[in-house]
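Q: Provided below for reference: sequence and predicted model.
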Amino acid sequence: MEGYLNENFGEVKPKHSSEEALRRWRKLCWLVKNRRRRFRFTANLPKRSEAQAIRRSNQEKLRVAVLVSQAALQFIRGISYTPPKEVKAAGFEICADELGSIVESHNMKKLKDHGGVAGIAKKLCTSSVHGISTADHFLNKRKEIYGVNKFAEYPVKGFCIFVWEALQDMTLMILAACAVVSLIIGIVMEGWPNGAHDGLGIVTSIVLVVFVTAISDYKQSLQFKDLDQEKKKITVQVTRDKCRQKISIYNLLPGDIVHLAIGDQVPADGLFLSGFSAVVNESSLTGESDPVYVNTEHPFLLSGTKVQDGSIKMLVTTVGMRTQWGKLMATLSEGGDDETPLQVKLNGVATIIGKIGLFFAVVTFAVMIQGLLSRKLHEGSHWRWSGDDTLEILECFAIAITIVVVAVPEGLPLAVTLSLAFAMKKMMNDKALVRHLAACETMGSATTICSDKTGTLTTNCMAVVKAFICGKIVEGRRFAKSCNLYSELSNSALEILLQSIFNNTGGEVVQKKDKQIEILGSPTETALLEFGLSLGGGFQSERQKAKVVKVEPFNSLKKRMGVVLELPEGGMRAHTKGASEIILAACDKVIDSNGVVVPLDKASIDHLNVAVEQFASDALRTLCLAYREIENGFTAESPIPTNGYVCIGIVGIKDPVRPGVKESVAICQSAGITVQMVTGDNINTAKAIARECGILTDDGIAIEGPEFREKTAEELIELIPRIQVMARSSPMDKHNLVKHLRTTFEEVVAVTGDGTNDAPALHEADIGLAMGIAGTEVAKESADVIILDDNFSTIVNVAKWGRSIYTNIQKFVQFQLTVNIVALIVNFSSVCLTGSAPLTAVQLLWVNMIMDTLGALALATEPPNDELMKRPPVGRKGNIISNVMWRNILGQALYQFVVIWYLQTRGKAVFDLEGPDSDLILSTLIFNSFVFCQVFNEISSREMEKINVFEGILNNYVFVAVLLSTVLFQIIIVQCLGTFANTSPLSLPQWFISIFLGFLGMPVAAALKKIPVGLS
């Protein structure tokens, strides 16, 4: 079976499956009872095609708009614009449609007619410095005129919709039709209510099945809705009422001043106010991957695009459904998530078993009809047909249809969704937000985790604890004005140090509404700014002393950032900072102990390198700060020099290892998961942290990115399995390592990332894990799971949940296939040998509900336990139905078949049943014993290999509730619903025997687990 599944359903991957593969498996699954329900949690391919069409349309619109705008500038004179009355009455001078037409069509002519960006800001009653007013009545006016930044969403389905969808089951509809005919004939022949019992029994069973199914599906939809809301929690920095603050992108309004950095998503349509080296990627909107440079000549920013480089201060002009991104998102939200490989494989299993069940159902119906005809011929009444004969044919047809209901395990692929929904909700509580369903199950197969260091293995709470400045190493948690460093530094050295810290930064020191100082920016920038403040510097005062001419923001490829300042006394100065060895290599001078700039000789270089190595050995991140004077004539278009710098000093930044990381790494290693650290830091810092975390061992290798790049393919095959630390790595180093692990070594790789340049590795990995706190929007967009607390221990929890999902699905598959096999064989063999089925349509519908919806609820929602992380990973080639499962399925099915067959052939003698009700009592005994076999088999299925199946059973309240409900309903069906369910009340001894026969399945299951089988 596994070979057939891999061949026909194995093309669907956890990520980036082709549309052809998605269409192919759907065609193979032709035997489906309820298409709406079966394919509910799969990709909506027509909607995806629609979204692609919108992208192509956007691309063409932008191309035409630019051409038209250029032509208009030459030939069209100014056009007067008059705002609508309601806009003027609200205090604004431009309407939403006019704003939309300017930005969306890149209309420079219209923009100039309105006075440029400054004119638009004025008409929107906003200030590029202070932002909009946050007074409620002002905000409400803006919302009324311009709308809110929210997109139209697919309406949430109500409970009645799920009831209607559950009713679309073709087999249930046929059974309902049979029930109606049975009701009519029964009432005509026997009157009300005696003639209505059989029909009402089937109708009641159908109603029960439909409502239980609808309730289960409705609860799943609510869980997915909650998770969707979490995915949309994106914040952005704005200036309002003179204060810099973070707000949700859904609270943005036209007139807002938004601050964007590398990796941010442009949250609304807008115009460029100011910024440096701004490059935007518009591929998410247009499909074009070419970078777009944004500046005062090309100021248009479109919602949904990503900041690829630089920093931007933008004016919001258009929000929500007035933007092209809003329209695209409305369509994409209906496109759905890709189906997971497990869902697809189980759809394949359901199809195979369904085909077998259909064959058995047809043969069963044929045998039963042949029996009826033979009897009629024997009696000589084959030309005389009564209402009773019609009812008997209907009963035969209903049983055949019900065999199809039981045989097609519709619940298999849906159990995956149920388990994933349950796990995703629980993982959310454990600080892991799952963006793609497949990531849950894939994480359970992970064999390697490539983890960042900063913020994942460490706390990301940084502070400068050592500094090498003017030839001296100074230690101290904080550097106060009275400390040695401050008193020993010359005025010129201190001045240049503070100028470097406060100008060459991606952070900012702002004043909040309560007049408290807040430092914004990455943890590294925050640590440096705090260091500068502790030396007596002032952020605003330093920034006002010089004019910024050009900024090159930090990125992980260059491992440095730079700024060029125009000095008040004339002349220009460039500041740079970054990885110590890179900046030191760009220096040819240094500030000595007297604050004098001197040439960088060998002794000074050795002294600096010793300081770097000492800091790194103490697990400190090292940064070098440097500056150089620049000749006049430098412009914003000129590149910032890369050499000829004066070394100001080196700072050592402490980033402590997170509590519990060492234990989490040990858990991964015991679970057969290799942990590799991939970082841009100095190799000595990386090795020190890796040893502290338990990642770097005596037989492991620590390598630097440049050295890794130089290795040949043959050398890499030898090297990669031993790599435990990769330091000074570039994003492409990480990408290449992941690619080799996945392709050459067939590992299932999880990768963490937080920056824009991590996107290729996150995209390449089997599971991309983005950091929720430090991660950029680009990284989160490329990831499958967002680690909300940036903690490595959370990644281990995700792996544990992934394994739990995979195991739970296997438990449910084992349980359901056992019921399928027994129900099919028992009914078929009984019909062939005795001419009648032991289980009626109503009873089979109840069995179907036990094994389908209720069984999925019980077994697919088992919480994870620590034992899961003591087993080896499934890996890339794991089988969904293992030899262990086949052993348990076939052994248990054989036992149950023997029990049912024995009762059917010897039951009357064993229980001393006589009289007119003996057949009814025997069939009730068979039904009761069969149900309790499933109840105890459900308990046995909690563990596929362990004998003790009761451990932790009370921790799963869903399992206990399902089990108790099943038993309670079974008692009601047998004792109270005899006429409707074709049962007869049983005596206490008969109940005891039924339960005991079911219970005997548990020791049988325990004995089966002692039989050794191969792994595959």
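A: Received it, and whenever you're ready, just let me know what you need.
Q: Could you use CA atoms for every contact and neighbour count after this?
A: OK.
Q: Thr447 against Val751, yeah?
A: No. Using Cα atoms under 8 Å, Thr447 makes no contact with Val751, being 11.3 Å away.
Q: Quick check: Ala135 vs Arg240, distance?
A: 10 Å (Cα to Cα, to the nearest Å).
Q: what about those two, which has more around it?
A: Taking other Cα atoms under 10 Å, Ala135 and Arg240 do not tie; Arg240 has more neighbours (22 against 9).
Q: Quick check on that one: phi, psi?
A: Per-residue torsions, Arg240: phi -140, psi 140 (degrees, to the nearest 10).
Q: Show me what it is bridged to.
A: Here Arg240 sits in beta bridges with Ile132, Cys243, going by DSSP bridges.
Q: For Asp698, the count of nearby residues, please.
A: Neighbourhood size, Asp698 [other Cα under 10 Å]: 6.
Q: Arg36 too?
A: 15.
Q: Doesn't it belong to a helix?
A: Yes. When DSSP: H, G, I helix; E, B strand; the rest coil is applied, Arg36 is found to be in a helix.
Q: So Asp588, which state does it fall into?
A: Assigned by three-state DSSP, the conformation of Asp588 is strand.
Q: how about the helices in the stretch 51-200 of the chain?
A: Remark: helices assigned in the stretch 51-200 of the chain by DSSP state H, counting those that start in this stretch are 85-89, 96-104, 108-113, 116-123, 136-146, 159-166, 170-190, 197-231.
Q: for the shortest one, what is the average pLDDT?
A: By that I understand helix 85-89. Helix 85-89 comes out with an average pLDDT of 89.
Q: gap between it and the chain center?
A: Put simply, helix 85-89 sits 45 Å off its chain's centre (Cα atoms, centre = their mean, to the nearest Å).
Q: CA atoms only for it, dumped as PDB, please.
A: C-alpha atoms of helix 85-89 as PDB (Å, rounded to 0.1, in the frame of the first residue of the first chain):
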ATOM      1  CA  LYS A  85     -18.300  69.000   0.100                       C
ATOM      2  CA  GLU A  86     -18.200  66.300   2.800                       C
ATOM      3  CA  VAL A  87     -14.400  66.200   2.600                       C
ATOM      4  CA  LYS A  88     -14.100  70.000   3.000                       C
ATOM      5  CA  ALA A  89     -16.700  69.900   5.800                       C
END
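Q: among the helices of the stretch 51-200 of the chain, which gets the worst mean confidence?
A: Looking at the helices of the stretch 51-200 of the chain, the weakest mean confidence is helix 170-190, a mean of 69.
Q: how about TSV for the helices of the stretch 51-200 of the chain, with mean neighbour count and distance to Leu394 added?
A: As requested, the helices of the stretch 51-200 of the chain are exported to TSV (neighbours: other Cα atoms under 10 Å; distance: least, Cα to Cα, whole Å):
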stretch	mean neighbour count	distance to Leu394
helix 85-89	13	70
helix 96-104	18	65
helix 108-113	20	76
helix 116-123	19	76
helix 136-146	15	64
helix 159-166	17	23
helix 170-190	19	6
helix 197-231	18	10
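Q: Just grab the bridge partners of Leu271 for me.
A: Beta bridges link Leu271 to Phe300, Leu315, judged by DSSP bridges.
Q: Around it, count how many other residues there are.
A: 30.
Q: Next up, the contacts around it.
A: For Leu271, the contact set (Cα atoms under 8 Å, 6 or more residues apart in numbering) comprises 103, 117, 299-301, 314-317.
Q: Among the residues you listed, which one sits closest to Ala626?
A: Met314 (30.9 Å; Cα to Cα).
Q: roughly how far apart are that closest one and Gly304?
A: Where Gly304 is concerned, Met314 sits at a distance of 14 Å (Cα to Cα).
Q: Same check on Thr853?
A: Distance from Thr853 to Gly304, by Cα to Cα: 40 Å.
Q: ditto for Val103
A: Here the criterion is Cα to Cα. By it, Val103 lies 14 Å from Gly304.
Q: Filter the contacts of Leu271 down to just the buried residues.
A: 103, 117, 299-301, 314-317 (16 or more other Cα atoms under 10 Å).
Q: In TSV: those residues, plus distance to Ala688.
A: Shown next, in TSV, are those (distance: Cα to Cα, whole Å):
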residue	distance to Ala688
Val103	51
Val117	51
Pro299	47
Phe300	47
Leu301	44
Met314	42
Leu315	46
Val316	46
Thr317	50
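Q: min pLDDT across those, which one?
A: When these are sorted by pLDDT, the bottom entry is Val103 at 86.
Q: gap between the residue lying closest to that residue once chain neighbours are set aside and Val292?
A: When the adjacent residues along the chain are set aside, Val103 lies closest to Phe300, with 5.8 Å between them (Cα to Cα, 6 or more residues apart in numbering). Distance check for Phe300 against Val292: by Cα to Cα, it reads 10 Å.
Q: now Thr853
A: 52 Å.
Q: same check, this time on Gln676
A: Noted for Gln676: a distance of 36 Å to Val292, by Cα to Cα.
Q: which of those two has more neighbours?
A: Set side by side, Gln676 and Val292 show more neighbours around Gln676, with 23 against 16, by other Cα under 10 Å.
Q: what about the more buried one, is that helix, strand or coil?
A: Secondary structure state of Gln676, per three-state DSSP, is strand.
Q: tell me the pLDDT at it?
A: Note for Gln676: predicted pLDDT of 93.
Q: Pull the contacting residues for it.
A: 448-451, 695, 723-726.
Q: coming back round to it: of all the helices of the stretch 51-200 of the chain, which one is nearest Val564?
A: Per Cα to Cα, nearest to Val564 of the helices of the stretch 51-200 of the chain: helix 116-123, 25.7 Å.
Q: Extract the residue ranges of the stretch 751-900 of the chain that are flagged as low pLDDT.
A: In the predicted model, the stretch 751-900 of the chain carries pLDDT under 70 at residues 757, 835-837.
Q: What segments of it are strands?
A: Per DSSP state E, counting those that start in this stretch, the stretch 751-900 of the chain carries strands over the ranges 767-771, 785-787.
Q: the residue most distant from the middle of the chain, which is it?
A: Distance from the C-alpha centroid of the chain peaks at Gly380, with 68.6 Å (Cα atoms, centre = their mean).
Q: how near is that residue to Cys624?
A: Look at Gly380 and Cys624: by Cα to Cα, they are 106 Å apart.
Q: now do Val279
A: Distance, Val279 to Cys624, using Cα to Cα: 27 Å.
Q: Who has more neighbours out of the two?
A: Using other Cα under 10 Å as the criterion, Val279 and Cys624 rank with Cys624 on top: 24 against 19.
Q: residue contacts, that one?
A: Per Cα under 8 Å, 6+ apart, neighbours of Cys624: 577-580, 583-584, 647-651.
Q: again with Leu584
A: Leu584 sits next to 624, 647 when contact means Cα under 8 Å, 6+ apart.
Q: Can you list the buried residues in stretch 240-260?
A: Neighbour counts using 16+ other Cα under 10 Å place 240-242, 244-245, 249-250, 252-260 of stretch 240-260 among the buried residues.
Q: Just flag the most distant two among these.
A: With Cα to Cα as the measure, no two of the buried residues of stretch 240-260 lie farther apart than Lys242 and Tyr250, at 20.6 Å.
Q: For Phe745, the count of nearby residues, please.
A: Using other Cα under 10 Å, Phe745 is surrounded by 12 other residues.
Q: for it, helix, strand, or coil?
A: Strictly by three-state DSSP, Phe745 counts as coil.
Q: What pLDDT does the model give it?
A: Confidence at Phe745, expressed as pLDDT, is 89.
Q: What's the separation between it and Gly875?
A: The spacing between Phe745 and Gly875, counted by Cα to Cα, is 11 Å.
Q: and if you look at Leu696?
A: In this view, Leu696 and Gly875 are 23 Å apart by Cα to Cα.
Q: Next: Val748.
A: Going from Val748 to Gly875 by Cα to Cα gives 6 Å.
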